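Q: Predicted model, plus sequence, below.
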Amino acid sequence: MVKTFAPVPLDVLIVGAGPTGLALAAQLQSFGTRFRIIDRARDRARESRALAVQARTLELLQSVGLADALVAKGNTSARLMMHFEGGRTARMVLGSFAAADTRFPFILFVSQAETEAILGEHLSRNGVTIERGVALSDFVVNDDDVEVVLQLDDGREERARTRYLVGCDGPHSTVRKRAAIPFEGDVYLQDFMLGDVEANPTPGTTLTPDSLHSFVGREGVAMFFPLRHPTTWRVIAMSGTTARQGQTRANSHDEPISYDLSLGELQAVVDGATGGGVALHDPAWLTHFRLHHRQAARYHERRMFLAGDAGHIHSPVGAQGMNTGIQDAWNLGWKLALVVSGAADRRLLVSYETERWPVGRALLRSTDRIFSVFTRSMSSSAVAAWIRRNVVARVLPRVMRAERVRAAVFRFASELAISYRNSNVVLEGTPTLVAGPRAGDRFPDADVHRDGRATTLQREVVGPCLTLVLCGDADAWNRHNEAVANVQARHNGLLTLHRLTRSAIAGALIDESGEALTRLGVRDSAQYLVRPDGYIAYRCAGMDLRGLDGYVSRWFPPRESSRSREDSGSLDR
């Protein structure tokens with residue numbers, strides 16, 4: 001039976017309700033965009049899967065009020081205890097870092113299931129239904145819309161039209177395959193085992209629940225991550241024998257990523273890593289898996305986009321996979337929302353791939369290098385064992401105690417250092433600021449006050465809007481009130497205005513210490529235009545708003561018909 005939708009199209013159809021799709025839905029909902037989100041699975045994932053949420057992701061979720069709830073579910077002060085042959089151990093603190101320009105100077109250890117649950121509950125509270133048991137079976141991209149065919153759980157077929165289609169449907173993406181976009185890369189030969197289990201250490205072995213535990217032996221490696229539910233531990237293990245017999249060809253991206261595992265198989269590998277020091281029992285989830293490192297050749301094709309694992313998969317080194325997907329979604333979401341509302345030129349959408357594809361490429365390369373070093377160090381040779389026991393165990397903890405090293409590691413893992421300076425949709429105005437973050441960089445955070453209430457710069461500035469921050473002396477800016485009002489009026493309420501000053505002015509963001517203005521490189525006065533994803537779209541020194549007006553007019557021209565401009569632009573590659 002075929003059900004035909006009404007001719008009025010959706011703005012966006014999101015395929016896939018994992019973290020990436022849910023994050024995209026949350027941002028589109030904040031803009032009031034018309035969308036649907038579907039997933040072929042009948043229920044959300046209950047396994048823990050990804051285990052870390054990075055600082056930059058928390059900053060983005062903060063803009064829709066979800067960061068603090070997620071932090072409350074996780075662990076921000078985790079330690080790593082490394083166990084080596086011969087009983088030697090070493091400890092490192094992983095949780096807190098000296099990063100003053102963020103509210104979240106830590107790696108949050110929390111299960112993917114919790115992250116998905118919080119996003120899903122947020123959408124439900126705001127009237128969004130996640131349509132489960134609904135699969136995309138086919139689509140055709142036209143000049144003005146995308147015609148899609150959906151397969152419902154009861155066997156019926158639906159046909160619908162949407163202005164844009166976004167594939168957040170994972171490494172085996174139907175959207176990517178139907179669009180015939182190459183997924184280039186390879187698969188690692190190593191065979192990994194994963195389990196959510198209970199674990200009992202034997203006498204002589206330490207397994208404290210407030211730490212991550214790494215066991216490295218000649219016969220393999222095992223990592224124990226503390227969970228809250230459904231079990232106490234997540235175990236990831238790799239045996240000394242890296243290749244599993246009978247697998248399909250290693251260079252095919254159609255190879256299964258996971259397959260069945262028994263508790264006995266996992267126990268055998270854990271015994272090889274721990275010397276029989278940990279007994280496993282009561283598994284909630286067990287699987288073998290192979291790691292791929294692949295990236296889609298492109299992230300968009302006319303009115304179709306890819307985000308998250310549909311566009312890139314890589315080694316979990318650095319715990320950045322889910323985080324990168326959520327940040328893909330945040331980069332794309334506000335652009336789609338403003339384009340379909342008629343507030344932005346359609347060419348803005350091209351910048352999604354321009355900005356995010358290089359991030360995916362850099363991440364694949366860096367994690368591949370780190371993973372290669374890691375696997376080589378797991379050799380069963382006597383030399384490798386000596387290095388692990390006498391060099392790694394002694395040197396690595398000392399190196400990681402150095403503040404500069406820890407800061408560099410955190411900037412990489414947290415993704416705070418990601419920048420879009422080379423994007424054509426960001427601009428350094430004239431006169432230029434000689435200090436502070438540049439156009440395309442992340443807008444930093446700092447403590448400020450507003451109407452006697454303590455708050456932070458990002459909490460006030462970043463949200464579902466373009467925010468103009470006028471920095472510097474309030475009295476001087478007051479002499480330009482007419483010019484500011486004219487710019488706002490010309491862009492029909494598109495710009496939300498904030499004043500950042502050291503003076504006690506009602507409604508302004510008060511920087512009593514001057515720290516916020518210093519981080520922004522402001523000595524006298526400056527203008528910052530902040531995007532909804534928390535990156536700087538435009539900045540310049542001084543109070544002349546003509547450069548700002550020109551920039552906004554180029555990408556966000558005064559509104560005509562809410563649909564006419566959206567339909568008139570070109571996204572052809």
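A: In hand now; what should we look at? Quick caveat, the model's predicted, so the values are computed rather than measured. Numbers count the residues shown, from 1 in each chain.
Q: what's the closest non-adjacent residue to R361?
A: Distances taken as C-beta to C-beta, 6 or more residues apart in numbering place Q295 nearest to R361, at 6.2 Å, with adjacent residues excluded. For glycine as for every other residue, the C-beta is placed from the backbone atoms N, C-alpha and C.
Q: Okay, now the unreliable bits of the stretch 401-550 of the chain?
A: Residues of the stretch 401-550 of the chain meeting the criterion pLDDT under 70: 401-403.
Q: my read: A160 touches D11, true?
A: No: applying C-beta atoms under 8 Å as the test, A160 and D11 come out as separate, 12.0 Å apart.
Q: R546: neighbour count?
A: 12 (other C-beta atoms under 10 Å).
Q: Distance check, it against L207.
A: 64 Å (C-beta to C-beta, to the nearest Å).
Q: Repeat that for V146.
A: Going from V146 to L207 by C-beta to C-beta gives 51 Å.
Q: host element of G155?
A: Secondary structure from DSSP states H and E places G155 outside every helix and strand.
Q: show me where the stretch 301-450 of the chain has strands.
A: For the stretch 301-450 of the chain, applying DSSP state E, counting those that start in this stretch gives strands covering 304-306, 312-313, 427-428, 447-450.
Q: what's the most buried one of those?
A: strand 304-306 (a mean of 29; mean count of other C-beta atoms under 10 Å).
Q: for the chain, longest helix please?
A: Longest helix in the chain, counting residues (DSSP state H): helix 350-377.
Q: Report the buried residues of that helix.
A: Within helix 350-377, the residues scored as buried using 16 or more other C-beta atoms under 10 Å are 350-353, 355-357, 359-360, 363-364, 366-368, 371, 375.
Q: got it, and stretch 271-284?
A: Buried residues in stretch 271-284, counted by 16+ other C-beta under 10 Å: 271-275, 277-280, 283-284.
Q: start to end distance for it?
A: Across its full length, stretch 271-284 reaches 20 Å between end residues, using C-alpha to C-alpha, to the nearest Å.
Q: Show me what it is in contact with.
A: For stretch 271-284, contacts defined as C-beta atoms under 8 Å, 6 or more residues apart in numbering pick out 47, 83, 85, 195-202, 204-205, 207, 215-222, 224, 230-231, 235, 237, 239-240, 263, 266-267, 270.
Q: Just those residues: which are in strands?
A: Of the positions in those, 83, 195-201, 215-217, 220-222, 224, 235, 237, 239 sit in strands, assigned by DSSP state E.
Q: Give me the buried entries from those residues.
A: Looks like the ones in strands among the contacts of stretch 271-284 have 83, 195-197, 199, 215-217, 220-222, 224, 235, 237, 239 buried, using 16+ other C-beta under 10 Å.
Q: Tell me the one of those residues nearest S513?
A: Looking at those and their distance to S513, the nearest is F224, at 42.7 Å (C-beta to C-beta).
Q: Which ones among the buried residues of stretch 271-284 map onto strands?
A: Among the buried residues of stretch 271-284, the members found in strands (DSSP E) are 278-280, 283-284.
Q: Adding pLDDT and distance to M304, write those out as JSON lines.
A: As requested, these are exported to JSON lines (pLDDT from 0 to 100; distance: C-beta to C-beta, whole Å):
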{"residue": "V278", "pLDDT": "94", "distance to M304": "47"}
{"residue": "A279", "pLDDT": "95", "distance to M304": "50"}
{"residue": "L280", "pLDDT": "96", "distance to M304": "44"}
{"residue": "P283", "pLDDT": "92", "distance to M304": "40"}
{"residue": "A284", "pLDDT": "88", "distance to M304": "37"}
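Q: ok, now how distant is the closest residue to P431 other than its chain neighbours from T432?
A: Spatial nearest neighbour of P431, chain neighbours left out: A541 (4.6 Å); criterion: C-beta to C-beta, 6+ apart. Here A541 is placed at a distance of 6 Å from T432 (C-beta to C-beta).
Q: More neighbours: which of the two?
A: With neighbours defined as other C-beta under 10 Å, A541 and T432 compare such that A541 has more, 21 against 14.
Q: how about that one, what does it touch?
A: Taking C-beta under 8 Å, 6+ apart as the test, what A541 contacts is 429, 431-433, 524-526.
Q: Which one of those residues sits in the busiest neighbourhood?
A: A526 leads the contacts of A541 on contacts (other C-beta under 10 Å) with 24 neighbours.
Q: ok, then the element right after the helix or strand where that residue lies?
A: If you go by DSSP H and E, A526 is part of strand 525-530. Using DSSP H and E, the helix or strand that follows strand 525-530 in sequence is strand 536-541.
Q: you'd agree R36 is up against I14?
A: Yes: between R36 and I14 there is a contact under C-beta under 8 Å: 6.9 Å.
Q: Low-confidence stretches in this protein?
A: Using pLDDT under 70, the flagged stretches of the chain are 1-8, 45-49, 77-78, 86, 94-100, 229, 240-259, 317-318, 372-403, 559-573.
Q: how does it divide up, domain by domain?
A: 2-50+112-182+297-370, 427-565 (automatic domain parsing).
Q: Switch these over to JSON lines; also include distance to L58.
A: Shown next, in JSON lines, are those (distance: least, C-beta to C-beta, whole Å):
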{"stretch": "domain 2-50+112-182+297-370", "distance to L58": "9"}
{"stretch": "domain 427-565", "distance to L58": "10"}
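Q: Pick the most deeply packed of those.
A: Comparing the domains of the chain by mean neighbour count (mean count of other C-beta under 10 Å), domain 2-50+112-182+297-370 ranks first with a mean of 20.
Q: ok, and the closest non-adjacent residue to V71?
A: L108 (6.0 Å).
Q: Next, the contact list for that neighbour, please.
A: By C-beta under 8 Å, 6+ apart, the residues touching L108 are 52-54, 58, 70-71, 74-76.
Q: List the beta-bridge partners for it.
A: Taking DSSP bridges as the rule, L108 bridges to V53.
Q: what's the answer for S214, then?
A: Applying DSSP bridges to S214 gives these bridge partners: M82, M223.
Q: Pull up the gap between the residue of the chain most remote from its centre and A506, please.
A: No residue in the chain sits farther from the centre than R479, which is 41.5 Å out by C-alpha atoms, centre = their mean. Separation of R479 from A506 (C-beta to C-beta): 18 Å.
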